[in-house]
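Colleague: sequence below, structure please.
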Amino acid sequence: MSKMLKDAIAATSKPGTGGGLQKAGDAGIDPAAPPGTGPAAKKAARASAGRRPAPAPAAGPPKETDDTRKPFGSYLAKGLHRRFKGACVDREVEMQDALEQAVRAWVEQPASLRLPKALARRFEAACAAAQTDPDAAALQALQDWIDRNTPQDT
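Modeller: Numbers count the residues shown, from 1 in each chain. Next up is the predicted model:
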């Protein structure tokens with residue numbers, strides 16, 4: 001270390017000079033200790049314990065693909081959330097994967113298969129009154145309609 005640098009350090013580390021620069025030994029730091037082992041390094045290690053390391057910076061903006069996920073927050077009725085979570089546990093499926101499957105099925109469903117709300121309520125009420133599974137009733141109704149409206153082979 002040059003004499004000029006030593007003099008500058010000595011001048012700024014004297015009490016009453018207002019300088020903040022101190023020699024390593026005067027600051028309670030062991031100058032012989034390897035880098036990254038001092039009190040500041042230990043404190044940083046405790047603070048980051050259990051955290052995942054930060055991802056490496058990408059080269060440019062991420063490309064949107066079907067595999068890229070975007071955070072999605074919503075609210076469900078407590079009972080529905082409980083049933084959804086239980087079904088996911090029973091089927092050993094992550095909730096985010098089940099939600100993605102449900103949204104995809106809904107979005108990809110042809111608009112012609114979506115019932116108006118009033119008709120859907122009437123259909124659900126009729127199925128409940130008849131103690132019939134709505135899916136089975138819908139399939140049967142569709143089959144009946146196709147049979148009535150398809151020309152018979154002669």
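Colleague: can we go C-alpha only for contacts and neighbour counts from here?
Modeller: Noted.
Colleague: burial count for Asp133?
Modeller: Around Asp133 there are 11 other residues, counting by other Cα atoms under 10 Å.
Colleague: before we move on, what about Leu119?
Modeller: Neighbourhood size, Leu119 [other Cα under 10 Å]: 10.
Colleague: and it, which of the three is it?
Modeller: Reduced to three states with DSSP: H, G, I helix; E, B strand; the rest coil, the structure at Leu119 is helix.
Colleague: likewise for Leu139?
Modeller: Leu139 falls in the helix class when you classify it by three-state DSSP.
Colleague: same deal with the one 3 residues further on?
Modeller: Under three-state DSSP, the three-state class of Leu142 is helix.
Colleague: so what does the helix or strand encompassing Leu80 touch, helix or strand wise?
Modeller: Assigning secondary structure by DSSP states H and E places Leu80 in helix 78-91. Counting by 3 or more Cα pairs under 8 Å, 6 or more residues apart in numbering; DSSP states H and E, the packing neighbours recorded for helix 78-91 are helix 95-108.
Colleague: which elements pack onto the helix it packs on?
Modeller: For helix 95-108, the packing partners by 3+ Cα pairs under 8 Å, 6+ apart are helix 78-91.
Colleague: if we can go back for a sec, what does the helix holding Leu80 contact?
Modeller: Contacts to helix 78-91, defined as Cα atoms under 8 Å, 6 or more residues apart in numbering, come from residues 94-95, 98.
Colleague: in stretch 72-89, what counts as buried?
Modeller: Within stretch 72-89, the residues scored as buried using 16 or more other Cα atoms under 10 Å are 84-85, 88.
Colleague: one step back: save the contacts of helix 78-91 as CSV, and put in pLDDT, distance to Thr132 and neighbour count too.
Modeller: Putting these into CSV (pLDDT from 0 to 100; distance: Cα to Cα, whole Å; neighbours: other Cα atoms under 10 Å) gives the following:
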residue, pLDDT, distance to Thr132, neighbour count
Glu94, 93, 30, 12
Met95, 92, 29, 15
Ala98, 91, 26, 16
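Colleague: CA-only coordinates of the helix holding Leu80 in PDB, if you can.
Modeller: Taking Å, rounded to 0.1, in the frame of the first residue of the first chain, the C-alpha atoms of helix 78-91 are listed here in PDB:
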ATOM      1  CA  LYS A  78     -65.100 -21.500   0.400                       C
ATOM      2  CA  GLY A  79     -67.000 -24.800  -0.200                       C
ATOM      3  CA  LEU A  80     -66.000 -24.900  -3.900                       C
ATOM      4  CA  HIS A  81     -62.300 -24.200  -3.000                       C
ATOM      5  CA  ARG A  82     -62.400 -27.000  -0.400                       C
ATOM      6  CA  ARG A  83     -63.900 -29.500  -2.900                       C
ATOM      7  CA  PHE A  84     -61.500 -28.400  -5.600                       C
ATOM      8  CA  LYS A  85     -58.500 -28.900  -3.300                       C
ATOM      9  CA  GLY A  86     -59.800 -32.200  -2.000                       C
ATOM     10  CA  ALA A  87     -60.300 -33.500  -5.600                       C
ATOM     11  CA  CYS A  88     -56.800 -32.400  -6.500                       C
ATOM     12  CA  VAL A  89     -55.400 -34.300  -3.500                       C
ATOM     13  CA  ASP A  90     -57.400 -37.400  -4.300                       C
ATOM     14  CA  ARG A  91     -56.200 -37.300  -7.900                       C
END
